[in-house]
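> heads up, no residue letters with this:
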């Protein structure tokens with residue numbers, strides 16, 4: 001049987017999943033030696049509600065039997081129509097593949113990748129998280145050396161998230177052979193480097209990045225790959241292994257993050273995407289997409305010029321950290337950034353002669369979002385606190401009071417020594433501000449300078465002024481009920 005067609009629709013199926021070609025030029029041979037099918041046209045895809053695919057064009061190649069199609073019969077003529085098979089399928093001994101060119105793939109509104117892909121069909125045994133092992137139809141897609149986005153509003157002007165380069169990824173779409181309504185999606189990607197997209201107050205550089213997605217079927221189960229991992233080819237002699245156990249939509253990696261030119265942190269982190277609602281300090285409830293970043297027992301810095309040789313501020317260690325990026329679902333140009341961190345120990349960096357020690361320190365940042373009318377608001381976490389996982393066994397609760405407005409501050413119980421003359425201990429608050437000040441040089445000439453301020457203040461605390469403060473040999477004045485302010489300023493143009 002020989003078939004040639006123009007304008008045909010043909011698809012490779014795996015349960016309820018379908019991927020193939022529409023409006024295609026097609027050649028089909030069916031004989032005692034096997035079957036051969038090749039079709040080229042537009043893309044046709046039904047990949048479930050969690051996966052969206054668009055593409056410029058597609059091709060399907062299906063060959064069963066090495067001798068069904070050879071150079072001798074590669075050109076078919078049926079009536080007025082002629083079709084010539086490509087050399088690759090002619091020389092192949094067997095292939096089941098759909099190739100997509102100029103494609104854009106979106107998974108779970110979190111992972112977005114573009115390029116040229118090939119889908120492969122197979123079947124095998126899978127273990128759901130609940131119940132017995134099942135037999136499944138499986139569509140897999142693997143690729144390498146790609147640019148990928150993971151976050152919120154991928155492909156839009158208002159995208160917020162991670163841009164990954166040099167990435168490899170594997171996608172598996174799985175359907176129960178005996179119940180095609182049970183369908184699962186799993187994805188894993190890794191990248192050599194990462195940057196941040198679409199968030200003005202946040203900077204990020206990263207390495208060893210990984211994206212993990214393991215989505216539930218309609219019955220609430222996920223596929224448990226922990227005991228029987230799935231390998232998906234991503235290139236010649238290259239593959240990605242799916243080995244998840246639980247439901248996931250997250251990214252992780254080794255990162256350096258800066259927030260609001262005030263807080264810098266580095267170490268291993270996990271990203272997670274979710275959706276929910278938040279309460280603003282105006283009282284309004286807003287539906288949002290959430291991107292959270294959490295880390296535990298890491299190093300951080302709060303102050304001015306973090307990450308540079310001119311850093312001035314607090315060096316924090318043993319830090320638990322949570323960053324929340326919230327995007328308005330209805331007004332995608334409006335977003336909010338919030339941060340909370342707590343540290344086990346603290347030191348001072350940037351000025352010789354100032355020393356600082358502390359048993360604990362808390363950092364809070366709550367940045368406003370602006371709506372289409374120019375109105376600004378912050379999230380009121382006192383009304384609805386948000387818990388962000390920082391490891392498999394720890395979390396940070398973001399609970400800033402929105403009625404305080406925008407925040408950039410650090411607070412804690414400290415002991416501060418200034419030039420071995422003045423020492424003070426108690427509870428303090430740090431804040432970062434910007435202003436223009438007037439400075440006078442040695443020639444008594446004045447000029448205006450734009451500066452960043454780091455202020456430290458305390459009230460009703462104890463202090464000492466003199467020599468050998470804090471030792472048994474101290475000599476000087478012991479002060480009580482002290483109100484205290486320290487101002488550190490750095491030139492914006494000449495740190």
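In hand now; what should we look at? Bear in mind that the values here come from a model prediction, so they are computed numbers and not experimental data.

> tell me which strands and helices the host helix or strand of residue 315 is in contact with?
Using DSSP states H and E, residue 315 falls within strand 312-328. Strand 312-328 makes packing contacts with strand 263-279, strand 285-304, strand 335-349, strand 361-367, strand 386-389, strand 395-398 when contacts are defined by 3 or more CB pairs under 8 Å, 6 or more residues apart in numbering; DSSP states H and E. For glycine as for every other residue, the C-beta is placed from the backbone atoms N, C-alpha and C.

> can you rerun that using 7 Å?
strand 263-279, strand 285-304, strand 335-349, strand 386-389, strand 395-398 (3 or more CB pairs under 7 Å, 6 or more residues apart in numbering; DSSP states H and E).

> any chance of those in CSV, with mean pLDDT and distance to residue 6 too?
Shown next, in CSV, are those (pLDDT from 0 to 100; distance: least, CB to CB, whole Å):
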stretch, mean pLDDT, distance to residue 6
strand 263-279, 90, 43
strand 285-304, 92, 44
strand 335-349, 92, 49
strand 386-389, 93, 55
strand 395-398, 95, 59
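
> Would you convert those strands into CSV that also reports distance to residue 35 and mean neighbour count?
Below are the helices and strands packed on strand 312-328 laid out as CSV (distance: least, CB to CB, whole Å; neighbours: other CB atoms under 10 Å):
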stretch, distance to residue 35, mean neighbour count
strand 263-279, 43, 19
strand 285-304, 46, 22
strand 335-349, 53, 21
strand 386-389, 51, 18
strand 395-398, 55, 18
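
> What's the mean pLDDT across stretch 417-433?
Averaging pLDDT along stretch 417-433 yields 88.

> Likewise for stretch 227-246?
Average pLDDT, stretch 227-246: 88.

> which residues touch it?
127, 140, 142-144, 168-170, 172, 186, 188, 212, 214, 222, 224-226 (CB atoms under 7 Å, 6 or more residues apart in numbering).

> Check which residues of the longest strand along the chain are buried.
When the chain is parsed with DSSP state E, its longest strand is strand 446-467. Residues of strand 446-467 classed as buried: 451, 452, 454, 456, 458, 461, 463, 464 (neighbour count, 16 or more other CB atoms under 10 Å).

> Distance from it to the middle of the chain?
38 Å (CA atoms, centre = their mean, to the nearest Å).

> Can you name the secondary structure element that comes next after that strand?
Sequence-wise, the next helix or strand downstream of strand 446-467 (DSSP H and E) is strand 475-491.

> which helices and strands sit right next to that following strand?
The contact analysis (3+ CB pairs under 7 Å, 6+ apart) places strand 475-491 against strand 422-440, strand 446-467.

> Mean confidence (pLDDT) on the longest strand of the chain, please.
90.

> the inter-axis angle of it versus strand 422-440?
Here strand 446-467 runs at an angle of 160 degrees relative to strand 422-440 (axes from the mean of the first three to the mean of the last three CA atoms, to 10 degrees).

> and strand 446-467, what other elements does it pack with?
strand 285-304, strand 422-440, strand 475-491.

> circling back: now the contacts of stretch 227-246: which count as buried?
127, 140, 142-144, 168-170, 172, 186, 188, 212, 214, 222, 224-225.

> Please identify which pair of those lies farthest apart.
Put simply, by CB to CB the two of the buried ones among the contacts of stretch 227-246 set farthest apart are 127 and 144, 27.6 Å from each other.

> hang on, the earlier thing: quick one: which of the buried ones among the contacts of stretch 227-246 sit in strands?
Those of the buried ones among the contacts of stretch 227-246 mapping onto strands are 140, 142, 143, 144, 168, 169, 170, 172, 186, 188, 212, 214, per DSSP E.

> Who are the contact partners of the first one?
This points to residue 140. Residue 140 neighbours (CB under 7 Å, 6+ apart): 120, 122, 170, 171, 172, 232.

> Could you point out which of those residues is nearest to residue 425?
Nearest member of these to residue 425, counting by CB to CB, is residue 170, at 55.7 Å.

> follow-up on the earlier one: which single one of the ones in strands among the buried ones among the contacts of stretch 227-246 is nearest to residue 336?
When those are compared against residue 336 (criterion: CB to CB), the nearest one is residue 212, at 25.6 Å.
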